[in-house]
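[1] Pasting a predicted model and its sequence here:
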Amino acid sequence: MPTLTWLGHGGWSIKTAEHTILLDPFLTDCPTATESADSIAADFILVSHGHFDHIADVPAIAKRTGATVVAIFEIAQWLEKNHEIQGPIGMNIGGATELPFGNVKMTQALHSSQLPDGSYGGEPAGFVLTLEGKRIYFACDTGLFSDMQVISAGGLDLAVLPIGDLFTMGITDSVAATLMLQPTKVAPAHYGTWPPIEQDAEAWAERIRTETSAVPLVPVIGEAFEV
Ligand code: NI
Ligand code: MN
């Protein structure tokens, strides 16, 4: 059974029996992070898009750990050319790849994706991970979109949705997303990092409980839980 730990903001550590996968680790400049980019473990790093709060720590963590970076083609190429990252896996929306820990499918996201130096970062993305018998959807930075109904096909054990509003969907749209995705469990992310994206996660959880059939999980930063 995979174990997840919220790293704060949009960042996650996903552990299987043999691998540690980071998703959008944002630690050094994240006021709520409890882990350090100098010591966190990683075998793979998934990057959803090019914004600093998702990619800033990726080159250093990838170089120190030798982790394989998985990102959309343009970001994979940028990391290789500008940060000497060895052998990143470039993919694109709708594509999937079988990796040693499981299957990674890249999904669309409604957002933007300029890289920190102004380079074109391709399209923003989300991920569906199938690992150790569980299917987990990370919407990453996105607004609500009706194709979430398609992402739910095959069933989801967990959906991780942004609730911070302003830069991504907020609480009301995350409830609508949960109704489309029909996951067994749903967890919030991308909130509470800075005042503009402050949210009441307990109020969110209450709405999920009363308006959907999913079980809300409100992870504490740094505390692992089983999916
Ligand atoms: Ni973003
Ligand atoms: Mn973001």
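    Thanks, I have the structure now. Ligands and ions are numbered 1, 2, ... in the order given.
[2] separation between His9 and Val215?
    From His9 across to Val215, the span is 23 Å (CB to CB, to the nearest Å). Every C-beta, even on glycine, is put in place using the N, C-alpha and C of the backbone.
[3] Who has more neighbours out of the two?
    His9 (27 against 14; other CB atoms under 10 Å).
[4] My read is that the more buried one contacts Ala33, right?
    Yes: because the distance of 7.3 Å satisfies CB atoms under 8 Å, His9 is recorded as touching Ala33.
[5] Mutual contacts of those two, please.
    Common neighbours of His9 and Ala33, using CB atoms under 8 Å, 6 or more residues apart in numbering, are Phe26.
[6] would you say Thr32 is within a strand?
    No: under the criterion used here (DSSP: H, G, I helix; E, B strand; the rest coil), Thr32 is coil, not part of a strand.
[7] so what's it closest to, chain neighbours aside?
    In this structure, Thr32 finds its nearest non-sequential neighbour in Gly8, 4.0 Å apart by CB to CB, 6 or more residues apart in numbering.
[8] Tell me, how many residues neighbour that neighbour?
    Neighbours of Gly8 (other CB under 10 Å): 22.
[9] now the one 10 residues further on
    Summarising burial for Glu18: neighbours were counted as other CB under 10 Å, giving 9.
[10] Give me the pLDDT for the nearest residue to it once chain neighbours are set aside.
    The shortest distance from Glu18 to any residue other than its chain neighbours is 7.0 Å, reached at Phe101 (CB to CB, 6+ apart). We note a pLDDT of 98 for Phe101 in this prediction.
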